[in-house]
Structure formats: C-alpha cells, structure tokens
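Novice: the following block contains a protein sequence and its predicted model.
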Amino acid sequence: MKQLLLFLSASLLSLVVAAQPGLRILDQYDNDVTGKTITVYHSSPLAEVLEAHLKVENTGDTDLDVFLRRVNNNVVSTSTNSFCFGVNCYPPNVDTSQDVTRIQVGNINSSFLGDYYPNGGRGISSVTYEFYDNTTFATKVSASVTILYAVADVIDLFDEEGHTVNNSVINVHTTDTSSAAYLDAKVKVKNNTSQELFMFARRITNVAVPGTMNTFCYGVCYPPFVDTSFVVVSIPGGAVDSNFVADYTPSGQGGTTSLTYEFYDLYSLGSPVTATVTIEFSLSGVGIPENSTLVFDGPAPNPAQDYTTFTYDLPVSARSASLVIRNLLGAVVDHVILDRESGKAIVNTASLPSGIYLYSLLIDNKVSFTNKLIVRH
C-alpha cells in the first residue's frame, strides 16, 4: 500500500510539473521584456501622445484566458494614460480589462497598446502592466512589464567641467606638432530615470584628417576599426557614469577631425532613447596650414516652426558646399545646395514632424560639423 501511495504521489507530481502554463511579454522588436523596465521617449513637451506596443505570448501547454491590470506607480500630474487589450480600449479611469482575451498554446497576441498623453507636461511617468490568468489550476499565471513614459531628456551628457553637452560640440585642440601628441575627451553619462539603463555607444565619423587615428573606450576600449560598443554599461537610476573616453592621435597632421558619439540604451520603444555629442579634435601650429575662414550662423529660430534660416560665409577655397538635414534615424529630410560664397539658406520646416533633427555642413563633400535643429509645431 505504501508503495502504491508513493507511486500515485509521484504520478500526480509529474502531472503538476508537466502542466506549466506561462506568459511572456515581447516588445515590438520581439525582445523578451518580461519583468523588465522599458522606456517610451519623446524629447518635446509638445508631443501629443506616446505609444507602447507589446505582444503577449502563451509559452505554456494550456490555453489561457488573459486579463490586464494597470498600476500607475508614479505619473506626471498633467498626464493621462489609457490602454487597449483584446477587442476593447479602456478610458483612463479603468485599471483592469473587463473582457477576457483567449491566447492559445504557443500563440502570440499583439493587441496591447499603451497610450500616454503628456498634456504639455514634462517628466517621466512609471506604469506597470500585469497580464494574468487566475482561472487555470486555481493558480494565478502572470507576467508584467514596467514602462517609463518619458517626455524629458532621459540621458544627460556632461563634459569634464560639468557642462551639459547634449547635441553640442566639444572642441579639443593642440599645437603640439610632434608625433607624440595625444588628445582625449571624457564624457559623463547621467541616467535621469529611477530605473537602470543598459547603455551602448556608437561612433559616427563626420570627417577625419588622413593619417590620424581615433579610438574610444566605453566599458572596455575598442580598436580604431570598431564603431559600436558591444559591452553593456549599466547605469543605475539617478547615477552618473564616467567610463567614456574618446582618444585622438594627430600624428603631426594638421586640421580638424569631427566625430559624433551616440549613446543609447538597450530597452526602448518608440523613439530611441539617445543622446549625442560631437567632439572635434584639431591640430595647428608652426608649419601646419590653417583652414580659410568659415562663418556659419543659425539656425534661427531654433526651435523652428514653419521655417528656419542659416547665414554663411564659405572659405574661398571651397569648391562646393551643401546643408544636409537628417532625422535621428539618419534619413535625409532636406538637402540645400549652397551655390554662393556667402548668403542665407532658408529651410522649410512646416512639413517636418515635431522632433529633433541633425544638420550637417558639407564642404567639398566632407562634413565640417554637425549640430541640432528642433522642430516644434
């Protein structure tokens, strides 16, 4: 009898172990974000709505009847948020879905949409979404994700003196023409959220003086041919990280090398959570030819609504020049040929969506510098 009871107990235990209902949450890029914190970001307080699209996967061996519960952890006072799940969308005053959403074994449901309305407010709101089934085996099966809806600069960059350098230019100059000359620039990265960020850095070479060498360190140091870091740098909420260093060896070659560094986190939805800084390393001195004078003012206004103006005076030696405007994904949204030695370039921004853009001045098909243009409607 004892052996029979042991056998039955073992059989029941094996059945319980075999029945493993489970839920998994994926972001719009199919990354597993179950139990994690992700960010939906927009830098402009004029943003009307931020959207988060999530997918819910049934990873178990039984069909699940899934509900959704929203928990507002900490929200900006002016903001409201709502969600859709299954066949229904719910108003801001409803925290729990009213209708069941059946997700069959192995299937993925893509109906979730989280909407966040900043209503002119600036700051970071934290909202947790819990997907659960409490009708299976009388046991609650659940998975949750926390979303930071951020209308603010999630990441701040600082130079060695503590000045904010988001989307601006750091100039590092030397007159040491010896082969031993060496320049570096340190950038500090601050996490303005209360959650941990998982950061990487990407180098964009705008223009490089032939014969020079540049590298960077972020977490580890990378060789000259590596443009994107592959070792994650984690920054706790509210902390400042001082790991980043950009190095430059002019090797006696005069002129200016312009490099843009983009910092971005691993878990983000919607617009990427990024901050950029451009570092210009230069060498001049006895026997080093100086560049002809360049004057370039603008954009004005910035932020721009319907248009913005650039005023320029090009070097006499310039054979061609143009102004290129890109969005943060790198796509060209406008290209203006500067066909006179001096003048004004008027850019129509009325048709551009509100947001941050990068403009670059190209002289003789080489980037002289890159900076930020903000469009607000």
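Specialist: Noted; the coordinates are in hand. Numbering: from 1, shown residues only.
Novice: how are the helices of the stretch 1-150 of the chain distributed by residue range?
Specialist: 2-18 (DSSP state H, counting those that start in this stretch).
Novice: can you report how many residues lie near Glu341?
Specialist: Residues near Glu341, counting by other Cβ atoms under 10 Å, number 12. Using the backbone N, CA and C atoms, a C-beta is placed for each residue, glycine as well.
Novice: surely it and Val316 touch.
Specialist: Yes: at 7.3 Å, Glu341 and Val316 qualify as touching, with contact defined as Cβ atoms under 8 Å.
Novice: which parts of this protein belong to which domain?
Specialist: Following automatic domain parsing, the chain resolves into domains at 13-151, 154-290, 292-377.
Novice: Asp32 and Cys217, how far apart?
Specialist: 30 Å (Cβ to Cβ, to the nearest Å).
Novice: hmm, back to that, kindly reformat the domains of the chain as a markdown table containing mean pLDDT.
Specialist: Output for the domains of the chain, formatted as a markdown table (pLDDT from 0 to 100):
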| stretch | mean pLDDT |
| --- | --- |
| domain 13-151 | 87 |
| domain 154-290 | 86 |
| domain 292-377 | 85 |
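Novice: among Asp32 and Cys217, which residue is more densely surrounded?
Specialist: Cys217 (16 against 12).
Novice: quick check: that one is in a strand.
Specialist: Yes: Cys217: assigned to a strand according to DSSP: H, G, I helix; E, B strand; the rest coil.
Novice: host element of the closest residue to it other than its chain neighbours?
Specialist: The shortest distance from Cys217 to any non-neighbouring residue, by Cβ to Cβ, 6 or more residues apart in numbering, is to Val245 (4.7 Å). Using DSSP states H and E, the secondary-structure element containing Val245 is strand 240-249.
Novice: in that strand, what counts as buried?
Specialist: Using 16 or more other Cβ atoms under 10 Å as the test for burial, strand 240-249 gives 241, 243-244, 246-249.
Novice: same question, stretch 161-172
Specialist: Result for stretch 161-172 [16+ other Cβ under 10 Å]: buried residues 165-167, 170.
Novice: what do you get for stretch 279-287?
Specialist: Here stretch 279-287 shows 279-284 as buried, counting by 16+ other Cβ under 10 Å.
Novice: how about those residues in a markdown table, adding distance to Phe200 and secondary structure?
Specialist: Output for the buried residues of stretch 279-287, formatted as a markdown table (distance: Cβ to Cβ, whole Å; DSSP: H, G, I helix; E, B strand; the rest coil):
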| residue | distance to Phe200 | secondary structure |
| --- | --- | --- |
| Ile279 | 17 | strand |
| Glu280 | 23 | strand |
| Phe281 | 22 | strand |
| Ser282 | 27 | strand |
| Leu283 | 30 | strand |
| Ser284 | 34 | coil |
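Novice: the nearest residue to Ala350 once chain neighbours are set aside and Pro299: what is the separation?
Specialist: Once flanking residues are discounted, Ala350 sits nearest to Asp306: 4.4 Å by Cβ to Cβ, 6+ apart. To Pro299, Asp306 is 13 Å away according to Cβ to Cβ.
Novice: looking at these two, which has the bigger crowd around it?
Specialist: A count of neighbours by other Cβ under 10 Å puts Pro299 above the other of Asp306 and Pro299, at 25 against 12.
Novice: restricting to C-alpha, output the helix or strand where the more buried one lies in CSV.
Specialist: Applying DSSP H and E as the criterion places Pro299 in strand 295-300. Provided in CSV are the C-alpha atoms of strand 295-300 (Å, rounded to 0.1, in the frame of the first residue of the first chain):
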residue,chain,number,x,y,z
VAL,A,295,31.3,81.7,-40.9
PHE,A,296,28.1,79.7,-40.3
ASP,A,297,25.3,81.1,-38.1
GLY,A,298,22.0,79.6,-37.3
PRO,A,299,19.6,78.0,-37.3
ALA,A,300,17.3,80.9,-36.4
